[in-house]
Each structure stands twice: as C-alpha cells, then as structure tokens.
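**Q** A structural model of the following input is requested.
(one chain, ligands or ions: 1)
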Amino acid sequence: MEKLTLHNTLTRKKELFVPIHKDHVGMYVCGPTVYGNAHLGHARPAITFDLLFRYLLHIGYKVRYVRNITDVGHLVNDADEGEDKVAKKAKVEELEPMEIVQIYTNSYRKNMGQLNVLPPSIEPTASGHIIEQIEAVKKMLEAGFAYETNGSVYFDVEAYAKKHPYGILSGRKIEDLYTNTRDLDGQNEKRSGLDFALWKNALPEHIMRWPSPWGNGFPGWHTECTSMSTKYLGETFDIHGGGLDLLFPHHEAEVAQGVACFGHATVNYWVHNNMITINGQKMGKSLGNFIQLDEFFTGKHPLLEKAYDPMTIRFFMLQAHYRSPLDFSNEALQAAEKGFERLMNAMELLKNLKTADTSTLDVEKLKRNCYDALNDDLNSPILVAHLFDGAKMINSVNDGNMTITAADLAKLQQLYTGLVQDVLGLQPSGDSQENGNGELFGKMVELLLTLRQEAKAKKDWSTSDQIRDRLTALGFEIKDTKEGADWKLKN
Ligand code: ZN
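**A** Numbering: from 1, shown residues only. Next up is the predicted model:
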C-alpha cells in the first residue's frame, strides 16, 4: 500500500498515516450549519476532504466518512449569546426551523453533487442526536469538568486546565487566552469567559428545545461533534478534519470535551484546510463577497465576469495545496478553466493513441512522481503539474514526435483514469452530476426576460405576464428593475 503522510495540526508535523484498525479508516469532518445557501467557503473543506476520502479509497482502505449537518445549537455569536442561526433564519422566512434545515440541506447536497464531492458514509444531524449529547454532558459533569447554572451547563476550562493542557491544538497558551477574554460583566452565568456552553437553557421564545435533566434547552454547538464522531467512529478514531476557521474555539473545545468524556484524546490526526480570499479580501458578509456556489455556476454575481463550471471551481481548488490560502479572482478562474480543458483534451487523446514497438516516454517514472506528490500530505498542485507533463507527452505521441507501446499505453490510461477521475474527481464538464451548463442556463433565462421586455414595449401585456408567471411557476423569482428585470432561483 502507498505510504501517505499527513500534516497533523496537533503535532505541527507531517506524519506517516497509520490507521488504528489496519485497513479501516474512521474520518470525521465538520459539515455545514444549514441556514443559508452554500458559498465558496463551503466548497473548500468539502473538496479537501473529498480528495482525502477518494485517495484513501484509491490506495485500498475502507473508509467510514462521517460529515455532520449542524441544524441546532450554532449561535450567531461564539460567546454563547445571541440566537440560534437556524432559528433566526426560520423567523425571518416565517418557516419552521426544520423546513429551513431541509431546504438548505437539499441545496448543500445539490451543490456538492455538482462539484462531484462524494456523499459521506454517514451524515448525522445534531437535532437527531440530542440524547447522545445529553449523555456526553452528564459525563463531563461527573468528571468534574462542567457546572450547571440556571439550567445551562458550561465547560469548566479552569478545572480542566488544572489536569490537562488546554489550547494544545491551536497552540494557544491559557494565560494569553485569559488576558484576551473580556472581563465578565457579572450578569453572565459563566465562571470564566473561556468557558463554553455544553447545554443552554431555552428562553420561553426559543422554539428549538428539548427536555433534559437541567430543564428544557438545546445543546451547545461544540457538543454535537464530540458525540457524533465517537458514536460512529469509536472513542478514538483516525482523522478529524475541518476548516482552519474552526480550529478555535470549536476544535479546541472538542479536544477538551473528548478528554473530559473518555479520559483520553479521541483523535489521532487533526487535519485543517486553509481559507479562501476573494480578490485578496477575506470573505465577509459586510463586504458583499460571499459568492454562493449557484452564483458561480450561473454567473449571477456582480463580482463575476461570467459563469464558471463546477469542474473549474473544483480544479482551481485542487491546483492549490489545501494548507495554503487560496485567492479567487476572475483571472485565476479563467486560467484554471484553460488548464482544466488541456487536461481533459489529453484524457480524450489518450483513448485513441497509436502504439509502436518501443516507448520513448517513461510511464513508470511519471506514475511514481504522481503518487509521491499525493503521499506528501496530498500535494495536489504538484500532482497536477506532473499530470500536465504527462499531457505534453500524450500530445507528442499524438503528433508523432514520441512513441508508446501498447502495454505502456494501457498503464498510462489506467494512471490517468485513476488519478484524474477517481482521486481528483475531475470529469468533462458536461458529465457533472447535475447541470454542468450553468452559463447556458443563465443565458436562456435572460433570453426569456428579453422577450418579455420586448412584449412589454409593444404593450402586449398578456405575453409579458405569461412569461413572468410561467417562470415563477418553474421556481424563478422575477423582480422588475429600472433596466428591465432581475432574476434568481427560489430556494
Ligand atoms: Zn464540528
């Protein structure tokens, strides 16, 4: 079997990956909080851990991949105050919280399918694991690492830090954390600003609530991942992944909760993907650059010059190493688009290359280079560079400047199918699971709206109304503007 090394955030080193159970791997990745459409920020962890999942399968492991859906307990504010993100959205949209959850879970899954991200083996929801979370909170109380106040239970960081190091994952020192935490105003139920909620008492207006030994309430956000990862993968499992933005406090809390519940660390390898910037800027609500995946696929966002195929987005992400920051811009995406085409053209040529009695290219060496890159902490950009080298050779054989034997051609075909399709998950644009024709689709809607404008100009109200009504019935939201009409897909 190939020898894979992974950078472990906990030890800050690349380590040889050795699973606990020989050829079975347990992997947990923090999934989305489902209260809005998936945007670019969701795509990077999904694609990063899809690459890891696919590569582990490719080199012969059986993998149980658990990626959760956060549908309760993720408050707007990390300081354990404010509303639940799902409940808040439900209020705004005048829907049941579980309707919000369903809408955005469906839309997340649709987008992941478009990006050719494989579904995980288990996709548990926080609201479906309330009992397990209550049990975990009880364990932490019994261990003396939690306390109850007014129907809420908090993790006692100070008590924990007396026995175990706190901050080891993010590399933060507890003294610094204390100085950086705001002084409590006395109103707060927490003993210290570092403590975090395991269970929150539900105020009367709070709609998502469950009975517990501490009264009606709901779980804190960090609790679900400890409960669900260990439920499905065991008290100690191989890999825990997520975005760097989750490192603190979320994953740091998970490390401490694991030790508090089981008396030992629950995760062997912590793996984190780096963040995305857009035109050099951090993504932020106030900056208006939270570009949704649907907007990329249709080109409907002021920052986008055109629509981008899901495969372009995927290829672009894989052209960067997952631990490096990645900046999105129209120029960079268009370069990725060209590169992707070059790779797909080579794949196409590979199907019908003419063979000869001798090979003037070294397939074995190319193969070794490709696997060495993947084994080196999933170095996908280096892998892609080698695949491009191979593409040059394929072109040379096609042009008659190089030769290949039938046996070498078979090996080369196997190498490209295995790495490009199975591991990198890249396929010709039209083949993506759902509409890969986002740009064409957008143009068609624009065309209908132009026809409607023309009907209006001729005072042909019945035609213009019919176009609007029929588009609305198909699930489009049409808004009339000064320039004509604007459209978007209803969720
Ligand atoms: Zn999590």
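
**Q** Flag the shaky bits of this protein, pLDDT-wise.
**A** Scanning the chain for pLDDT under 70 picks out the ranges 78, 180-187, 430-440, 491.

**Q** Okay, buried residues for the helix of greatest length in it please.
**A** Ranked by number of residues, the top helix in the chain under DSSP state H is helix 330-351. For helix 330-351, a neighbour-count test (16 or more other CB atoms under 10 Å) marks 333, 336-337, 339-340, 343-344, 346-347, 350 as buried. Where C-beta positions appear, they are placed from N, C-alpha and C, glycine not excepted.

**Q** What is it packed up against?
**A** helix 310-318, helix 380-399, helix 406-416 (3 or more CB pairs under 8 Å, 6 or more residues apart in numbering; DSSP states H and E).

**Q** ok now it, how far from the chain's centre?
**A** Chain-centre distance of helix 330-351: 24 Å, with CA atoms, centre = their mean, to the nearest Å.

**Q** and that helix with helix 310-318, angle?
**A** Orientation of helix 330-351 against helix 310-318 (axes from the mean of the first three to the mean of the last three CA atoms, to 10 degrees) gives an angle of 100 degrees.

**Q** follow-up on the earlier one: mind putting the helices and strands packed on helix 330-351 into CSV with distance to Ala43?
**A** Shown next, in CSV, are the helices and strands packed on helix 330-351 (distance: least, CB to CB, whole Å):
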stretch, distance to Ala43
helix 310-318, 6
helix 380-399, 14
helix 406-416, 24
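
**Q** buried stuff in the helix or strand in which Arg109 is found?
**A** Using DSSP states H and E, Arg109 sits within helix 97-114. Of the residues in helix 97-114, 97, 100-101, 103-105, 107-108, 110-112, 114 count as buried by neighbour count, 16+ other CB under 10 Å.

**Q** can you check stretch 284-299 too?
**A** 289-299.

**Q** what does stretch 159-178 contact?
**A** Residues outside stretch 159-178 that contact it (CB atoms under 8 Å, 6 or more residues apart in numbering): 9-10, 12, 144-145, 157, 192-194, 247-248, 251-252, 255-256, 259-260, 270.

**Q** one more time with 7 Å
**A** 9-10, 144-145, 157, 194, 247-248, 251-252, 255-256, 259-260, 270 (CB atoms under 7 Å, 6 or more residues apart in numbering).

**Q** which outside residues touch the helix or strand in which Glu224 is found?
**A** Element membership of Glu224, judged by DSSP H and E, is helix 221-233. If you take CB under 7 Å, 6+ apart as the criterion, helix 221-233 is touched by 26, 28, 30, 64, 66, 68, 70, 73-75, 122, 124, 126, 129, 132-133, 136-137, 196, 198, 237, 240, 250, 253-254, 257-258, 261, 266.

**Q** what sits against the residue nearest to Gln413 when sequence neighbours are not counted?
**A** Excluding its sequence neighbours, the residue lying closest to Gln413 (CB to CB, 6 or more residues apart in numbering) is Leu350, at 5.6 Å. Applying CB under 7 Å, 6+ apart, we find Leu350 in contact with 394, 412-413, 416.

**Q** same deal with Lys139?
**A** Contacts of Lys139 (CB under 7 Å, 6+ apart): Cys261.

**Q** Looks to me like Asp80 is in a strand.
**A** No. Judged by DSSP: H, G, I helix; E, B strand; the rest coil, Asp80 forms no part of a strand; its state is coil.

**Q** is it true that it touches Ala197?
**A** Yes. Using CB atoms under 7 Å, Asp80 is in contact with Ala197, at 4.2 Å.

**Q** Quick one: residues contacting Arg368.
**A** Taking CB under 7 Å, 6+ apart, we find Arg368 in contact with no residue.

**Q** so which strand or helix has it?
**A** Using DSSP H and E, Arg368 sits within helix 363-375.

**Q** returning to that earlier point: just the buried ones out of the contacts of Leu350, please.
**A** 394, 412, 416.

**Q** Turn the residues you listed into TSV, including distance to Tyr178.
**A** Formatted as TSV, those follow (distance: CB to CB, whole Å):
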residue	distance to Tyr178
Ile394	60
Leu412	59
Tyr416	54
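
**Q** residues from this structure in reach of the ion?
**A** Within the chain, the positions near the ion by CB under 5 Å from the ion are 30, 225.

**Q** Domain ranges for the chain, per the record?
**A** 5-273, 277-423, 438-489 (automatic domain parsing).

**Q** Deepest in the core, which of those domains is it.
**A** Neighbour counts (mean count of other CB atoms under 10 Å) averaged over each of those peak at domain 5-273, with a mean of 19.

**Q** So for that one, first residue to last residue, what's the gap.
**A** 15 Å (CA to CA, to the nearest Å).

**Q** How far away from the center of its chain is it?
**A** Using CA atoms, centre = their mean, the offset of domain 5-273 from its chain centre is 14 Å.

**Q** just the helices in the stretch 51-200 of the chain please.
**A** 85-93, 97-114, 130-142, 157-163, 174-180 (DSSP state H, counting those that start in this stretch).

**Q** Just after the helix holding Glu224, pick out the following helix or strand.
**A** Next element after helix 221-233 (DSSP H and E): strand 237-243.

**Q** what's the straight distance from one end of stretch 117-128 to the other?
**A** End to end - CA to CA - stretch 117-128 spans 24 Å.

**Q** and what of stretch 120-130?
**A** Terminal-residue distance, stretch 120-130 (CA to CA): 21 Å.

**Q** Without its sequence neighbours, what residue ends up closest to Val34?
**A** Tyr104 (3.9 Å).

**Q** Now for that neighbour: which residues touch it?
**A** 34-37.

**Q** Let me know the distance separating it from Pro45.
**A** 16 Å (CB to CB, to the nearest Å).

**Q** picking that back up, could I get the helices of the stretch 51-200 of the chain as TSV with distance to Leu474?
**A** Output for those, formatted as TSV (distance: least, CB to CB, whole Å):
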stretch	distance to Leu474
helix 85-93	21
helix 97-114	16
helix 130-142	38
helix 157-163	53
helix 174-180	52
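
**Q** what sits up against stretch 88-98?
**A** Counting by CB under 7 Å, 6+ apart, 35-36, 76, 86-87, 100, 207-208 sit against stretch 88-98.

**Q** Give me the contacts around stretch 324-336.
**A** Under CB under 7 Å, 6+ apart, the answer for stretch 324-336 is 40, 274-280, 304-305, 308, 312, 315-317, 319-320.

**Q** Extract the C-alpha trace of it and format it as PDB.
**A** Only the C-alpha atoms of stretch 324-336 are listed here, as PDB (Å, rounded to 0.1, in the frame of the first residue of the first chain):
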ATOM      1  CA  SER A 324      -2.200  27.200   1.600                       C
ATOM      2  CA  PRO A 325      -4.600  30.200   1.500                       C
ATOM      3  CA  LEU A 326      -6.300  30.500  -1.900                       C
ATOM      4  CA  ASP A 327      -7.300  33.700  -3.600                       C
ATOM      5  CA  PHE A 328     -10.200  33.700  -6.000                       C
ATOM      6  CA  SER A 329     -10.400  36.100  -8.900                       C
ATOM      7  CA  ASN A 330     -11.900  36.000 -12.400                       C
ATOM      8  CA  GLU A 331      -8.400  35.900 -14.000                       C
ATOM      9  CA  ALA A 332      -7.300  33.000 -11.800                       C
ATOM     10  CA  LEU A 333     -10.500  31.100 -12.500                       C
ATOM     11  CA  GLN A 334     -10.200  31.600 -16.200                       C
ATOM     12  CA  ALA A 335      -6.600  30.300 -16.100                       C
ATOM     13  CA  ALA A 336      -7.900  27.300 -14.300                       C
END
